[in-house]
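J.: I'll drop the sequence and a predicted model, then ask my questions.
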Amino acid sequence: MQNPFTLNFGKEPLTIINRQTAKNQIVEDFTAPIINNQVYIISGVRGSGKTVLLTEISKQLAQQSKWLTVELNSTRDLMTALLSKLYDLPAIAPLLIEANIDLSFFGIGVHLKTAAPIVDIETALSRVMDLLQHKGYRLLVTIDEVTNSQSMREFTAAFQILVRQEAPIFLLMTGLYENISDLQNEDSLTFLYRAPKVFLSGLNLTAIMGKYQSIFKLDEAQAMKMAKITQGYPFAFQLLGYLKWQQPTITDEELLTEFDIQIQEYVYQKLWHDLSPKDQSVLIALAKLANQQGQVKISSLRQELDMSSSLMSIYRDRLKKKGLVDASRYGYLSFTLPRFDHYIKLYYLSH
């Protein structure tokens, strides 16, 4: 049988634990008869399942009548790409021609003898949206892993105008906390601060236990032991299952060693490299002071770092939004990612 787990980021695994609450919330808002929200942002640490959730929502809406879905590449010219992809939809191209919407100036479609080419990209988008609204369509645009690029800024600003014009366009984006923060801090894009955001937390351990128990025919205790190693981190759930499937007779100790090697290579090295030196110093101190349960008093962390309360609050909030620390217990911090403290101790506290 094929391995039911995958290590490919962004690919929908054969074995998946749905984030039903988040999915329902977004789908219900987008399909509501009276539109209140036309944009959602999904954020979370690398490997938290952002792309999988975006894909699930896009597939669900694509199956509904009068819904169009278009996926855009965040590194391309987004507005031209949107027009081009809409023109390529079999249901839309004839409507554009019938409505005399000539997009040939942008290299899209053919020149219409009965109409002058539209030469302004925002005017073209507005005309197309008017047509879709008249025909009763709603359009979902998905953009995975957004960054604060010129094209992204132009597209988001144009989207804001279309929303004010009551266009039937909806935007679903994913991104790392720092990239979303950079984008919404642009003076012309502060409306993104008000956009609903879904911060992906860990998966339910009981759900993970159930999957492991069913697939590997384990008893409840063995399956929960595996589930606890993942700490609910979606990529860890996939990785641990993948390794166990590949080597069914592997010992627990060997499995944990292989897990450490792979998760460091796939996630933690890149994640650590992208952190600021100050973020790194806070996490090193957290790993150094962590007790058996992995929790550290914030007051002890401040003392270790010689950091003021106000400055500590800033870093606690940043690291929490990046999905790296859990601050749910008042006055304490702990790591959210499985064995991330082990990685830090091994590479940054062993000498």
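T.: Nice, thanks for sending it over. Fair warning: this is a prediction, and the values are worked out from it, not measured in the lab. Residues are numbered from 1 along each chain as shown.
J.: Now for Leu337, how many residues are close by?
T.: The tally of other residues near Leu337 (other Cβ atoms under 10 Å) stands at 26. In short, each C-beta sits where N, CA and C put it, glycine included.
J.: In this structure Gly294 contacts Thr336, no?
T.: No - using Cβ atoms under 8 Å, Gly294 is not in contact with Thr336, being 9.8 Å away.
J.: For the two, indicate the residue with more neighbours.
T.: Counted by other Cβ under 10 Å, Gly294 and Thr336 do not tie: Thr336 has more neighbours, with 23 against 17.
J.: There's contact between that one and Tyr233 in this structure, I believe.
T.: Yes - proximity of Thr336 to Tyr233 meets the contact threshold set by Cβ under 8 Å, at 7.4 Å.
J.: Need the residues touching each of these two.
T.: The contact sets of Thr336 and Tyr233 overlap at Gly202 (Cβ atoms under 8 Å, 6 or more residues apart in numbering).
J.: Which helix or which strand is home to Ser334?
T.: Taking DSSP states H and E as the definition, one finds Ser334 inside strand 332-335.
J.: and that strand, what other elements does it pack with?
T.: Judged by 3 or more Cβ pairs under 8 Å, 6 or more residues apart in numbering; DSSP states H and E, strand 332-335 is in contact with helix 277-289, strand 295-297, helix 298-305, strand 325-326.
J.: Out of those, flag the one nearest Phe155.
T.: For the helices and strands packed on strand 332-335, the distance to Phe155 is smallest for helix 277-289, at 29.5 Å, taking Cβ to Cβ.
J.: Report the buried residues of that closest one.
T.: Going by neighbour count (16 or more other Cβ atoms under 10 Å), the buried part of helix 277-289 is 279, 281-287.
J.: Same check on stretch 176-195?
T.: 176-184, 189, 192, 195.
J.: Okay, now it: how far is its last residue from its first?
T.: 15 Å (Cα to Cα, to the nearest Å).
J.: what separates it from the chain centre, distance-wise?
T.: 15 Å (Cα atoms, centre = their mean, to the nearest Å).
J.: Looking at that stretch now, give me its mean pLDDT.
T.: What stretch 176-195 shows for mean pLDDT is 88.
J.: do the same with stretch 273-283
T.: Here the average pLDDT along stretch 273-283 is 95.
J.: do stretch 52-70 as well
T.: pLDDT averaged over stretch 52-70 gives 95.
J.: what residues does it touch?
T.: Contacts of stretch 52-70 (Cβ under 8 Å, 6+ apart): 10, 12-13, 16, 18-19, 22-23, 26-27, 30-31, 42, 71, 82, 85-86, 89, 91-92, 132, 136-142, 144, 172, 174, 198, 200, 234.
J.: Confirm for me that Tyr87 is in contact with Leu96.
T.: Yes - using Cβ under 8 Å, Tyr87 is in contact with Leu96, at 6.3 Å.
J.: Compare those two and say which is more crowded by neighbours.
T.: Neighbour comparison, Tyr87 and Leu96: the larger count goes to Leu96, with 23 against 17 (by other Cβ under 10 Å).
J.: and the more buried one, which of the three is it?
T.: Classification of Leu96 by DSSP: H, G, I helix; E, B strand; the rest coil places it in helix.
J.: before we move on, back to that, nearest to Lys217, of the helices and strands packed on strand 332-335?
T.: strand 325-326 (32.1 Å).
J.: Give the closest residue to Ile245 in space, chain neighbours not counted.
T.: Actually, residue 245 is Trp. It isn't Ile. Nearest non-adjacent residue to Trp245, counting by Cβ to Cβ, 6 or more residues apart in numbering: Asn3, 4.8 Å away.
J.: isn't there a strand covering that neighbour?
T.: No - counting by three-state DSSP, Asn3 is not found in a strand; it is coil.
J.: and the most centrally placed residue in the chain, backbone torsions?
T.: Compute the mean C-alpha point of the chain, and by Cα atoms, centre = their mean the closest residue is Lys50, 2.8 Å away. Backbone torsions of Lys50, given as degrees, to the nearest 10, read phi -60, psi -50.
J.: And for Ser309?
T.: Backbone phi and psi, for Ser309 under degrees, to the nearest 10, turn out to be phi -60, psi -40.
J.: Can you report how many residues lie near it?
T.: 9.
J.: Once you drop chain neighbours, what's closest to it?
T.: Sequence neighbours aside, Arg302 is the residue nearest to Ser309 in space, at 6.6 Å (criterion: Cβ to Cβ, 6+ apart).
J.: so what's that neighbour up against?
T.: Listed by Cβ under 8 Å, 6+ apart, the contact partners of Arg302 are 308-309, 312.
J.: make it 10 Å
T.: Listed by Cβ atoms under 10 Å, 6 or more residues apart in numbering, the contact set of Arg302 reads 285, 308-309, 311-313, 316.
J.: so which of those residues comes closest to Ile208?
T.: Nearest to Ile208 among the contacts of Arg302, with distances taken as Cβ to Cβ, is Arg316, at 27.1 Å.
J.: Mind listing the shared neighbours of Gly294 and Thr336?
T.: The contact sets of Gly294 and Thr336 overlap at 231, 326 (Cβ under 10 Å, 6+ apart).
J.: Looking at the buried residues of helix 277-289, which is nearest Glu154?
T.: Using Cβ to Cβ, those come closest to Glu154 at Asp279, 30.4 Å.
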